[in-house]
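Q: Show me how the following folds:
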Amino acid sequence: MAGKVLVTDLDGTLFYPRRRFTMVCKKTKRFLKKWTDDGNRLVLCSSRGTCFASQARKYLEVPFDMIGGSGTIMEVDGKTQIIQAFEPEEFRALAYELIDSGDFLFTILTTADYNMVIPKRNLKNFARFMFWAYQSTQFVYREPQVLSDEIFERMIDERKALKLMMMVGLTEKKQKAASELSRHLQEKYPDFHINWFDQFIEITPKGCSKASGLAFYLDSQGISPDNVSVVGDSGNDVPMFRAHPNSSFCMEHAFGRVKREATHVIKEFADLEKWLYPSADSPSPEKTKGDSDE
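A: Residues are numbered from 1 along each chain as shown. Down below sits the predicted model:
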């Protein structure tokens with residue numbers, strides 16, 4: 001088992017079941033300690049920025065590296081490196097076109113210096129309230145944010161703008177709408193990588209995804225892809241599933257078309273232990289297909 005790498009999404013995956021005050025449940029924490037104590041690596045691969053890493057360490061209490069911004073930035077041994085940022089002019093045009101469309105409640109920019117930068121441009125009072133309401137439910141998962149058009153512009157100009165995230169709505173119906181809208185936007189804007197998770201549209205530089213960020217990380221660390229297992233629950237995790245088809249895990253609560261991309265389906269994160277530490281009682285390593293629904 002020594003030298004293996006477990007790469008995990010955060011929201012809906014490592015943070016499932018959700019624990020508002022402890023971040024992860026006790027059995028997940030026990031599994032993570034066993035995994036890292038055995039000399040294996042833990043890598044967080046998230047839409048969140050790497051600024052969130054210090055917050056996560058307080059609750060996970062195990063060493064880990066982090067690939068943030070859906071593959072645009074990474075933190076290894078406490079040192080941060082930008083993998084790929086937006087080209088300023090092309091991104092600025094796209095961002096303002098979408099912001100001014102009025103189709104989204106609010107916009108969040110992940111940058112190298114800030115986890116979340118929210119532009120005030122066209123941000124209505126109702127949208128501000130919705131963002132406040134959303135943030136107030138996050139508890140230990142809440143990320144620091146700044147509300148500023150000036151910082152939004154500066155991060156673009158300094159090539160520190162990494163990922164744009166736009167909220168479609170708050171309901172489960174809006175989650176499906178975000179999935180459908182992401183496909184439409186990808187056709188309209190082929191020079192960017194557009195995906196979705198939960199009720200959000202996610203935009204990163206072209207060719208940049210969790211899978212590409214993970215590939216960059218593995219190459220920089222001299223790690224063979226054969227030693228890697230990945231786990232996630234959303235559309236932006238699918239590229240990782242496809243890149244590691246022999247050891248990919250999807251959460252049971254994910255959409256059917258996301259589950260079908262993974263090798264196995266698990267109910268809770270801690271269920272990984274029976275797969276990664278197989279015994280005579282472990283399930284056979286056959287593909288577990290996702291449901292036929294969306």
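Q: which stretches of the protein form helices?
A: 26-37, 53-60, 88-101, 125-136, 149-157, 172-188, 210-221, 238-243, 256-259, 272-276 (DSSP state H).
Q: The closest residue to L218 other than its chain neighbours and A243, how far apart?
A: Leaving aside its sequence neighbours, L218 sits nearest to P225 (CB to CB, 6 or more residues apart in numbering; 6.1 Å). Where C-beta positions appear, they are placed from N, C-alpha and C, glycine not excepted. Using CB to CB, to the nearest Å, P225 is found at 7 Å from A243.
Q: Overlap of the contact sets of these two?
A: The contact sets of P225 and A243 overlap at A215 (CB atoms under 8 Å, 6 or more residues apart in numbering).
Q: Spatially, what comes nearest to T263 if we skip its sequence neighbours?
A: Here the residue nearest T263, using CB to CB, 6+ apart, is S248, at 4.7 Å.
Q: For the one you found, grab the count of nearby residues.
A: 23 (other CB atoms under 10 Å).
Q: Could you pull up the residues touching it?
A: S229, V230, V231, M240, F241, E261, A262, T263, H264.
Q: mind redoing it with 7 Å?
A: Contacts of S248 were listed using CB atoms under 7 Å, 6 or more residues apart in numbering, and they are V230, M240, F241, A262, T263.
Q: Arrange these in a markdown table, one row each, with pLDDT, neighbour count and distance to K58 as further columns.
A: A markdown table is the format used below for these (pLDDT from 0 to 100; neighbours: other CB atoms under 10 Å; distance: CB to CB, whole Å):
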| residue | pLDDT | neighbour count | distance to K58 |
| --- | --- | --- | --- |
| V230 | 98 | 30 | 25 |
| M240 | 97 | 28 | 26 |
| F241 | 98 | 23 | 30 |
| A262 | 98 | 29 | 30 |
| T263 | 96 | 20 | 32 |
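Q: For stretch 254-268, output the C-alpha coordinates as CSV.
A: Output in CSV follows, covering the C-alpha atoms of stretch 254-268 (Å, rounded to 0.1, in the frame of the first residue of the first chain):
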residue,chain,number,x,y,z
ALA,A,254,-24.4,12.1,-7.7
PHE,A,255,-26.4,12.4,-11.0
GLY,A,256,-26.7,9.2,-12.9
ARG,A,257,-24.6,10.3,-15.8
VAL,A,258,-21.8,11.3,-13.4
LYS,A,259,-21.9,7.9,-11.7
ARG,A,260,-21.7,6.0,-14.9
GLU,A,261,-18.3,7.6,-15.6
ALA,A,262,-16.7,6.0,-12.5
THR,A,263,-15.5,2.5,-11.8
HIS,A,264,-17.2,2.2,-8.4
VAL,A,265,-20.0,4.0,-6.5
ILE,A,266,-19.8,4.5,-2.7
LYS,A,267,-22.3,5.9,-0.2
GLU,A,268,-19.9,7.7,2.1
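Q: can you give me how far it is from the chain middle?
A: 16 Å (CA atoms, centre = their mean, to the nearest Å).
Q: what does stretch 11-29 give?
A: Worked out by CA atoms, centre = their mean, stretch 11-29 lies 15 Å from the chain centre.
Q: Report how many residues lie close to K176.
A: 15.
Q: distance of it from D198?
A: 11 Å.
Q: Could you tell me which ranges of the stretch 151-294 of the chain sit under the pLDDT cut-off?
A: Along the stretch 151-294 of the chain, the parts satisfying pLDDT under 70 run over 280-294.
Q: could you redo the last one with a cut-off of 90?
A: Counting by pLDDT under 90, the stretch 151-294 of the chain has low-confidence residues at 169-180, 195-200, 278-294.
Q: do the stretch 1-150 of the chain as well
A: Looking at the stretch 1-150 of the chain by pLDDT under 90, you get 1-3, 17, 102-103, 105, 122-137, 143-145.
Q: can we see that at 70?
A: In the stretch 1-150 of the chain (pLDDT under 70), the answer is 1-2.
Q: Can you tell me how far F86 is from G12?
A: 26 Å.
Q: Tell me which of these two has more neighbours.
A: F86 (27 against 18).
Q: Hmm, P205 and that one touching each other?
A: Yes - with contact defined as CB atoms under 7 Å, F86 counts as touching P205 (5.5 Å).
Q: you'd agree L60 is up against R30?
A: No - using CB under 7 Å as the test, L60 is too far from R30 to be in contact (11.6 Å).
Q: Would you mind telling me which of P225 and A243 has the busier surroundings?
A: A243 (18 against 15).
Q: got the contact list for that one?
A: With CB under 7 Å, 6+ apart, A243 has these contacts: A211, A215.
Q: what's the distance between it and E143?
A: For A243 relative to E143 (CB to CB), the value is 27 Å.
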